[in-house]
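# give me a 3D structure for the following:
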Amino acid sequence: MIKLIRGSLAKVFAGGVLISTFCLLTLITGCGSKKDLPERIRRLAETSDHSVIRIGIMGDARELGPSDVHDRSGRFLSNLINAGPLRLTPRGEFTPDLWKQFNVATDADGNLTVEGEWRDGIVWHDGVPVTLEDLQFTIDRLRDAQSNSPLTLLAKQVKNIESLDSGKKCRVTFTGTSRQYLHLLGSGLLPSHLLRSQKVGEEKIALLDGDEPGEIISGFAAPPASCAEMVNASQTGLIASSSQKSHIMDFTEIPVGAGAFRVVSRKLHSYLELAAGPIAASSMAANPASASKRVLIVFYQAPDELVSDIRKGHIDLAFLPSEFAQRLQELKIPGVRLVSSPNPSYLMLGFNTHKPPFDKLEVRRAIDFAINRKALAATFPYSGKILSGPPLGSDDLRNSFASRGYDLTRASELLSTAGVTDSNGDGRRELDGKALELTLFTNGDNFVRKQLCDQIADDLKKIGIFVTVEVRDWSQLINKTLPEGTWSMFLLGFHAPPDGNWINLWSSNTPIGVAASLSERLNFTGFSTQELDLALSAIDTLPEPSDIAARKDLVARTLYEQIPGVFLLQPLDYAVVSEGLTGFISDGDIFEQDVAAWERVPVASAGH
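Numbers count the residues shown, from 1 in each chain. Predicted structure coming up:
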């Protein structure tokens, strides 16, 4: 799906993301120290019991609801607890989750239909059965703007939901045929029996206070209206002591889901304890031994505490900021391996192709040659890959993208060919007899991006192009400055869907699920061709066309050759993985994992 993100707020378009900060994990100050863990949790963290999976995260994720705006580690945690009809795999594909199978088709009106068959016996973590009513309730909630969900625009495209085969199956019909709709079905469902009576965006839940200060346990889960009826807590399917006090919390902090794991206890900024749900989703259904599996997530503020626990063998997996991962690799800790995978994001210098001088391909090529990518990478605080072209298309095509390198001589030649010359020898190039002065915009709340802009301006000055760097408030930049089209260049980070569906990033048309105003399109460059639009439309279509791989290559080749923007850097995601952990998929998105399929085994027999 496509998001426009600034901080914890998002505006969703359904196919790629424009990001205000190029970070992989949000470090939150005030996180607890490992030494503050209760004795029960400490024993769990240090246990040799192989049914316990121990995960370390720098920072915390406060909201764990299925439709909340998450950073990548937050989404990982939410996916442990919540489940929808489908789920996203590490390789960017959708697979059944609460459904056991599904198929896509088009109806007589040419609209997409997704038909699925429910798994047997699926229940919420409080024991109440999951029904079609929950799917309808979830989509109705997401349609409401007060939900502040990144899925609202997609939910509004649902035409009909119908029960089939006496409730064993259901069919969802959408307006149009966009593959982006699968993201809606891949989002976790909301429990209608707990939330129906509550206002959208104000959902609460009553839980038990734990033995430790600030600890909440999910021994009781009910709407606040039922708090006075704790003696009837057994009706929820969970055990609770009537002598314990209840605690009213936002539902998103300890949600009742239908995913593979339920919340046992949580202390914000310290730990999150999970256990296998009543009826496990996805791979647990085929692995009964997983029914006793538990997951403990410990949140760290101090990197040295995380390193210490990795050394002691108390961590099976930890997600790491890239700058920390590089230092950890140098320690060469035995028994663990460092795994990296490309983050589905890229940093791009975009051109206004409707305005001189960037309406000329030679000028865009010249800028590409003039930028010192290696110097930019040295400033970039996150480990990443220097890009020669768009991170899209087949491996063979991407490997064929020749790096234009850093060549000031070639850049100067291209500018002269385009008629951008220094006629009076003052070191400033002119176009149509006037000194060429350009502006480069970025968002002012990202200091690193401002530094990168200054470096780009210095690079272009060496070829006689003088650039003024201007920063704008994020909202002003996205909703006013760029849509007005009077600018020259921008530097922004984009998060592109791993399935290669870049329609919302580069289409000249208003994509499915996007409001019609120009301010809500992400192709700010204005570049378009009919062939590009047709290829993007085909990639976005379900059922999937047989030549989809060729269409993706066409999009990638067009962007590489026509240079509506210079693709600069792609960050990497990192995780440290115990050699005793099996089932972790490292050749895909390391945050989109099926933890239910993980196994903790003795290191000697783990393999790699």
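
# state the distance from residue 365 to residue 466.
19 Å (C-beta to C-beta, to the nearest Å). Quick note: C-beta positions are derived from backbone N, CA and C, even for glycine.

# repeat that for residue 321.
The value you get for residue 321 to residue 466, if C-beta to C-beta is used, is 36 Å.

# more crowded one of those two?
More crowded of residue 321 and residue 466, by other C-beta atoms under 10 Å: residue 321, with 20 against 14.

# pretty sure that one contacts residue 57?
No. Between residue 321 and residue 57 there is no contact under C-beta atoms under 8 Å: 10.5 Å.

# give me the residue ranges of the stretch 101-250 of the chain where confidence is low.
For the stretch 101-250 of the chain, applying pLDDT under 70 flags the ranges 209-214, 218-246.

# kindly report the same for the chain.
1-35, 69-70, 209-214, 218-246, 279-291, 510-521, 604-608.

# secondary structure class for the residue in it sticking out farthest from the centre?
Here the chain reaches farthest from its C-alpha mean at residue 424, the gap being 50.7 Å by C-alpha atoms, centre = their mean. Secondary structure, DSSP: H, G, I helix; E, B strand; the rest coil: residue 424 is coil.

# how close does it get to residue 360?
Counting by C-beta to C-beta - residue 424 and residue 360 are separated by 22 Å.

# residue 201 too?
Counting by C-beta to C-beta, the gap from residue 201 to residue 360 is 49 Å.

# now residue 603
On the measure of C-beta to C-beta, residue 603 and residue 360 end up 60 Å apart.

# for the residue nearest the centre of the chain, which non-adjacent residue is closest in space?
Taking C-alpha atoms, centre = their mean, the centroid of the chain lies closest to residue 72, which sits 5.2 Å from it. What sits nearest to residue 72 in space, not counting adjacent residues and going by C-beta to C-beta, 6 or more residues apart in numbering, is residue 591, at 4.6 Å.

# residues contacting that neighbour?
Contacts for residue 591 (C-beta atoms under 8 Å, 6 or more residues apart in numbering) come out as 72-73, 75-76, 319, 573.

# of those residues, which is the most crowded?
Neighbour counts for the contacts of residue 591 (other C-beta under 10 Å) peak at residue 573, which has 25 neighbours.

# bridged to that one, which residues?
residue 341 (DSSP bridges).

# so it sits against residue 344, correct?
No. Applying C-beta under 8 Å as the test, residue 573 and residue 344 come out as separate, 9.1 Å apart.

# overlap in contacts of those two?
Common neighbours of residue 573 and residue 344 (C-beta under 8 Å, 6+ apart) are residue 589.

# the helices in the stretch 401-550 of the chain, which residues?
408-417, 447-461, 474-476, 482-484, 503-506, 530-539, 548-562 (DSSP state H, counting those that start in this stretch).

# please identify the most buried of those.
With neighbours defined as mean count of other C-beta atoms under 10 Å, the helices of the stretch 401-550 of the chain peak in mean count at helix 503-506, which reaches a mean of 29.

# against which helices or strands is that one packed?
The contact analysis (3 or more C-beta pairs under 8 Å, 6 or more residues apart in numbering; DSSP states H and E) places helix 503-506 against helix 530-539.

# and the contacts of the helix it packs on?
Residues from elsewhere that reach helix 530-539 (C-beta under 8 Å, 6+ apart): 179, 500-503, 506-509, 545, 547-548, 551-552, 554-555, 558.

# what angle do it and helix 548-562 make?
Helix 530-539 runs at 150 degrees relative to helix 548-562, counting by axes from the mean of the first three to the mean of the last three C-alpha atoms, to 10 degrees.

# and helix 530-539, how far out from the chain's middle?
24 Å (C-alpha atoms, centre = their mean, to the nearest Å).

# what's the spacing between the residue farthest from the centre of the chain and residue 452?
On the measure of C-beta to C-beta, residue 424 and residue 452 end up 31 Å apart.

# again with residue 506
With C-beta to C-beta as the criterion, residue 506 and residue 452 are 22 Å apart.

# kindly report the same for residue 528.
In terms of C-beta to C-beta, residue 528 sits 27 Å off from residue 452.

# before we move on, what about residue 415?
Using C-beta to C-beta, residue 415 is found at 22 Å from residue 452.

# next, give phi and psi for residue 127.
Backbone torsions for residue 127, taken as degrees, to the nearest 10, come to phi 90, psi -10.

# what's the local residue count around it?
Counted with other C-beta under 10 Å, residue 127 comes out at 14.

# show me where the stretch 151-300 of the chain has its strands.
Secondary structure of the stretch 151-300 of the chain (DSSP state E, counting those that start in this stretch): strands located at 158-164, 169-174, 204-209, 216-222, 246-250, 261-267, 271-276, 294-300.

# and these: which comes nearest residue 350?
strand 169-174 (31.0 Å; C-beta to C-beta).

# contact partners of the closest one?
Contacts of strand 169-174 (C-beta under 8 Å, 6+ apart): 107, 111-118, 132, 135, 157-164, 181, 185.

# chain center to it, what's the gap?
26 Å.

# how much space between residue 263 and residue 558?
Distance of residue 263 to residue 558, given as C-beta to C-beta: 47 Å.

# my bad, should have said residue 457
As defined by C-beta to C-beta, residue 457 lies at a distance of 28 Å from residue 558.

# likewise for residue 507?
12 Å.

# so how far is stretch 131-149 off the chain centroid?
Its chain's C-alpha centre and that of stretch 131-149 lie 21 Å apart, by C-alpha atoms, centre = their mean.

# tell me the buried residues in it?
131, 134-143, 147-149 (16 or more other C-beta atoms under 10 Å).

# a markdown table please, covering those residues and showing distance to residue 326 and secondary structure.
Below are those laid out as a markdown table (distance: C-beta to C-beta, whole Å; DSSP: H, G, I helix; E, B strand; the rest coil):
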| residue | distance to residue 326 | secondary structure |
| --- | --- | --- |
| 131 | 49 | coil |
| 134 | 44 | helix |
| 135 | 44 | helix |
| 136 | 48 | helix |
| 137 | 46 | helix |
| 138 | 41 | helix |
| 139 | 43 | helix |
| 140 | 46 | helix |
| 141 | 42 | helix |
| 142 | 39 | helix |
| 143 | 44 | helix |
| 147 | 39 | helix |
| 148 | 36 | coil |
| 149 | 35 | coil |
